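A.B. asks: the sequence isn't on hand, but the structure is:
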C-alpha cells in the first residue's frame, strides 16, 4: 500500500482558464485557453467550440461583432454535457467606427447577387472544421502596401446610408497583381459572382477563415490545399467595384472580425485637396 499512500500525497493540479485579452473593442477576437475538459464557451448568447491542442490544453476563439453592444459580460467555459466549468469577466469596448461615403455609378450600385451567391458565402462562413492550419504568428498580407478602407466603417453610397458596415479591408492593387493566402488552409470557394466578383475563400481550420473578392482571375481550385503565401488569385475590379483593388475579410466562427488584429498593415496616406485640407471620411478609389 506504500505506492497508494505516495499517490494520495501528490496534489492534484487544479484546472486553469484564461481569456486573452480580457478587454477588446468591437470587431476583435479573444483567445480562450483551458486545461480542464471544456469543449465550448459562451458569451452573450454566442457559443464557440474549443479544440484540444497537441500541448494538452483546449483552445477556442471568441469573436466580438462590429455591432455587439459595449459592456461588461461573462464568458462561460462549458463541459461536454453543457455544464458551466468556469466563468470569466470580459469587457467589450466601443471601436468608434467612422462613417464613409463612396461615390458609385447607378450601374454599379444596381448590381445584385448571383442566384445562390449569398447562400454559398453564408454556408462557408458557418463551416467550422477540426484540423488547424493557422499558426499563432501574425498572418501574412495578401498584398503588400497599405489599406484604403478599414474594417467597421459605416457605409454610405452617394450620400445615402446602406445600413451596413465594411466587413473587411480594402487594399489598392494593380490589375493582375498576385493575391496570396494569408495562412495555410483548404480552398472552399473559387467562383465568379455578380456582387462579390471573382471570389476565393479559404478555410484555415478551427473557426478561422478568409475570403478574397473582386479578383480578375484565379490561381487555385476548390478543394486545393494551400500554404501561407501561395498565390490564390489575381487582383481585378469585378463585381461591385469602382477600380482595381482587393477586398478581403477574416471570419472567426462565422463572424467578420477586424484583420488589423491579425496582420501588420497601415492606412494609406489620404490624398490632399487643392486647399490643403482633407475632406472627412471621403472614400479613396478602389472600394467595394
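C.D. replies: Received the coordinates, thanks. From a predicted model like this one, the values you see are computed outputs, not experimental measurements.

A.B. asks: going by C-alpha atoms from here, please, whenever you check contacts or count neighbours.
C.D. replies: Fine.

A.B. asks: now the longest helix along the chain: buried residues?
C.D. replies: With secondary structure taken from DSSP state H, the chain has its longest helix at helix 117-126. Residues of helix 117-126 classed as buried: 117, 121, 124, 125 (neighbour count, 16 or more other C-alpha atoms under 10 Å).

A.B. asks: element containing residue 108?
C.D. replies: helix 106-109 (DSSP states H and E).

A.B. asks: reformat the buried residues of helix 117-126 as a markdown table; add pLDDT.
C.D. replies: Conversion of those to a markdown table gives the following (pLDDT from 0 to 100):
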| residue | pLDDT |
| --- | --- |
| 117 | 98 |
| 121 | 98 |
| 124 | 98 |
| 125 | 97 |
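
A.B. asks: which strands and helices sit next to the longest helix of the chain?
C.D. replies: If contacts are counted by 3 or more C-alpha pairs under 8 Å, 6 or more residues apart in numbering; DSSP states H and E, helix 117-126 sits against no helix or strand.

A.B. asks: chain center to it, what's the gap?
C.D. replies: For helix 117-126, the gap between its own C-alpha mean and the chain's C-alpha mean amounts to 14 Å (C-alpha atoms, centre = their mean, to the nearest Å).

A.B. asks: for the helix or strand that comes right after that helix, what is the average pLDDT?
C.D. replies: Downstream of helix 117-126, the first helix or strand assigned by DSSP H and E is strand 147-149. Strand 147-149 shows a mean pLDDT of 94.

A.B. asks: residue numbering should commence at 752 henceforth.
C.D. replies: Okay, using 752 as the starting number, the last item reads as strand 898-900.

A.B. asks: neighbouring contacts of the following helix or strand past strand 898-900?
C.D. replies: Counting by DSSP H and E, the next helix or strand C-terminal to strand 898-900 is strand 905-908. Contacts with strand 905-908, where a contact means C-alpha atoms under 8 Å, 6 or more residues apart in numbering, come from 848-855, 860, 912-917.
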